[in-house]
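J.: what shape does this take:
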Amino acid sequence: MTDKNHAWYEDPAVEYLYLASSTKNMRGYHAPIVNPKITFTGTNSFIDFANFIGNYFGPNDKRLLIVVDKELRQMGEKTGNRLSEMKGFNYKIFDNVLSDAPKNTLMEGVKICSEFVPKAIIAIGGGSTMDTAKGIFLLYEKPNVNLNNLIIPSYLGLRKKIDLLIAIPTTSGTGSEATTTSVITDTDRNPPKKTAVTLYELCPDIAVLHYDFVKSMPSELTAGTGMDALSHALGAYMLTMSNVYTDMHNLKAIELILEYLPRAVKRGNDMEAREKMLLAAYIAGVGFSNVVTSFDHGLGHSFGAIFHVHHGAAVGIFLPTAIAFQAKNSNRFIDIAQLFDVDIREKPKNIILKELLGNLRRFVQSIGFPTSVKELEKPQISYEKYSKEIDQMVKYAYKDVTRLFSARRVTMSQVHRLFEVGYENKIENLLDLYYH
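T.: Here you go, the predicted structure:
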């Protein structure tokens, strides 16, 4: 494996192995299924969860570390107080949640764990909070672990100190409550490097899906996180390494998002839409975590890092770009097209793809979401400013782990072309990615 200054996917030998496997149909060869042991859903989900952990832990083990960002600290305290009143738990709050979970910050949480000795960690929040909780859990259990060598199917023998890792999402997008991955910035490296840490053991034991935790999301965040969930499900379905289990999750997630995301964006108090979007994000999390995300995420990671764009917006903008590019090597977009009400009967592939891209664009417009970099308002990015950064974005995206799993092999020049097309995402330019 690699040393401490390089992630596993930066190793040329490992890269070659994954590139080779992604060009073939790998279904049924390596397809483990990992998801939370218990997921509490429905209007009584929090009480069901409280009853479960109240009985799970004995009176001397009822100590919780609640991880929540500063903006949601009051929600974390309210949750801790409810569990204290209902089931006699003691808790401490860790709220120094930062984007991409810097390791030196995670070690602050590890110190709290060493002193307080919690038996469970509860993450209440979005992706960054989930990443932080998973990172604290990992480093508390294994403080000297090399973050850059952690890849499925590595097994570390965690849960010697922490019995349960629990996730309560406050957004409907990341799906991290159901995934095996944590994005951590390794601050031991010079310069610090963001790395995807993937372990079966990082999948939460318990997920709690209750609309009370998401009902205050503003419409813009609802749209952005919803597009992240759509990118997870749709992108993962395109990949050759998907399987029957992941397919059924990803297709159902797409179906739910198409029906309920517009309602959740338009009416935040539509609790049915909120609940269904929570489920859709969770189902998509199960679907993509048991495969991987598509290259729209690699493009979005690079673009978002340079221009400081919300993750959901960044990956959502490049979703049609990645679909069109991979459609040359994969017919799986045809199944997706039918969910977007495309009549595929007696139509050639290029027409089906064109209609899918058109209907996807109209759906994105219906929720007030940008269909291209040019349409972004926060921030507004001129073509001149964008073009100056393309070379750097290409370097970042080419090193992103998602490139290794693309249904179509990606070269540096093709990454450059994908970024060029993504600025406006014109249908004719997207189709050109398919043709060439």
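J.: every contact and neighbour count from this point should use C-alpha atoms.
T.: OK.
J.: any idea which element Q414 lies in?
T.: According to DSSP states H and E, Q414 maps onto helix 412-422.
J.: and the longest helix for this protein?
T.: Ranked by residue count, the top helix of the chain under DSSP state H comes out as helix 244-266.
J.: hmm, back to that, could I get the buried residue list for the next helix or strand after the helix holding Q414?
T.: Heading C-terminal from helix 412-422, the first helix or strand you meet, by DSSP H and E, is helix 427-435. By neighbour count with 16 or more other CA atoms under 10 Å, helix 427-435 contains the buried residues 427, 429-431, 433-434.
J.: same question for stretch 135-150.
T.: 135-141, 146-150.
J.: do stretch 346-364 as well
T.: So, applying 16+ other CA under 10 Å, buried residues of stretch 346-364: 352-361, 363-364.
J.: about what we covered before: nearest to Q392 among the buried residues of helix 427-435?
T.: L433 (21.0 Å; CA to CA).
J.: show me the chain divided up by domain.
T.: According to automatic domain parsing, the chain comprises the domains 31-213, 219-435.
J.: could I get those as a markdown table with mean pLDDT?
T.: Formatted as a markdown table, these follow (pLDDT from 0 to 100):
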| stretch | mean pLDDT |
| --- | --- |
| domain 31-213 | 94 |
| domain 219-435 | 95 |
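J.: ok so, going back, now, which of the buried residues of stretch 346-364 lie within helices?
T.: Using DSSP H to define helices, the subset of the buried residues of stretch 346-364 located there is 352-361, 363-364.
J.: keeping just the C-alphas, turn stretch 164-179 into CSV.
T.: Provided in CSV are the C-alpha atoms of stretch 164-179 (Å, rounded to 0.1, in the frame of the first residue of the first chain):
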residue,chain,number,x,y,z
LEU,A,164,-22.8,2.5,18.4
LEU,A,165,-22.3,5.1,15.7
ILE,A,166,-25.6,6.9,15.2
ALA,A,167,-26.6,9.3,12.4
ILE,A,168,-29.5,11.8,12.4
PRO,A,169,-29.5,13.8,9.1
THR,A,170,-30.7,17.4,9.0
THR,A,171,-30.5,17.6,5.2
SER,A,172,-31.9,15.3,2.5
GLY,A,173,-28.9,14.8,0.2
THR,A,174,-25.6,13.5,1.4
GLY,A,175,-26.9,10.0,2.3
SER,A,176,-23.9,9.8,4.7
GLU,A,177,-26.2,8.2,7.3
ALA,A,178,-26.0,5.1,5.2
THR,A,179,-22.5,5.2,3.7
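J.: buried ones in that stretch?
T.: By neighbour count on 16+ other CA under 10 Å, the buried set for stretch 164-179 is 164-179.
J.: next helix or strand past the helix or strand where S302 lies?
T.: Element membership for S302 (DSSP H and E) is helix 295-307. For helix 295-307, the following helix or strand on the C-terminal side (DSSP H and E) is helix 311-317.
J.: can you pull the buried residues of the one helix or strand Y396 maps to?
T.: According to DSSP H and E, Y396 maps onto helix 383-398. For helix 383-398, the neighbour count (16+ other CA under 10 Å) marks 386, 390, 393-394, 396-398 as buried.
J.: pick the one among those residues closest to T293.
T.: The nearest member of these to T293, counting by CA to CA, is A397 at 13.4 Å.
J.: and that closest one, how far from E375?
T.: A397 is 22 Å from E375, where distance means CA to CA, to the nearest Å.
J.: again with S172
T.: Between S172 and E375 the computed distance is 23 Å (CA to CA).
J.: what do you get for V421?
T.: Distance, V421 to E375, by CA to CA: 13 Å.
J.: and these two? Which one has more around it.
T.: Neighbour totals were compared for V421 and E375, and V421 leads with 21 against 16 (other CA atoms under 10 Å).
J.: what angle do the helix or strand G287 falls within and helix 244-266 make?
T.: G287 is part of helix 271-289, with elements assigned from DSSP H and E. For helix 271-289 against helix 244-266, the angle by axes from the mean of the first three to the mean of the last three CA atoms, to 10 degrees is 150 degrees.
J.: now do the contacts for F295.
T.: Residues in contact with F295 (CA atoms under 8 Å, 6 or more residues apart in numbering) are 235, 322, 402-403, 405-406.
J.: next, the contact list for G80, please.
T.: G80 makes contact with 66, 89-91, according to CA under 8 Å, 6+ apart.
J.: for the residue nearest the centre of the chain, which non-adjacent residue is spatially closest?
T.: The C-alpha lying nearest the average C-alpha coordinate of the chain belongs to T174 (CA atoms, centre = their mean; 4.0 Å). Among residues not flanking T174 along the chain, G127 sits closest, at 5.6 Å (CA to CA, 6 or more residues apart in numbering).
J.: residues near that neighbour, how many?
T.: Neighbour count of G127, defined by other CA under 10 Å: 26.
J.: can you check the one 5 residues further on too?
T.: Burial of T132 is recorded as 31 neighbouring residues (other CA under 10 Å).
J.: same check on F303?
T.: By the measure other CA under 10 Å, the count of residues near F303 is 27.
J.: ok, and the closest non-adjacent residue to it?
T.: Closest to F303 by CA to CA, 6+ apart is M393, at 6.1 Å.
J.: doesn't I121 belong to a helix?
T.: No: applying DSSP: H, G, I helix; E, B strand; the rest coil, one finds I121 to be strand, outside a helix.
J.: isn't it right next to I53, touching?
T.: No: using CA atoms under 8 Å, I121 makes no contact with I53, being 11.7 Å away.
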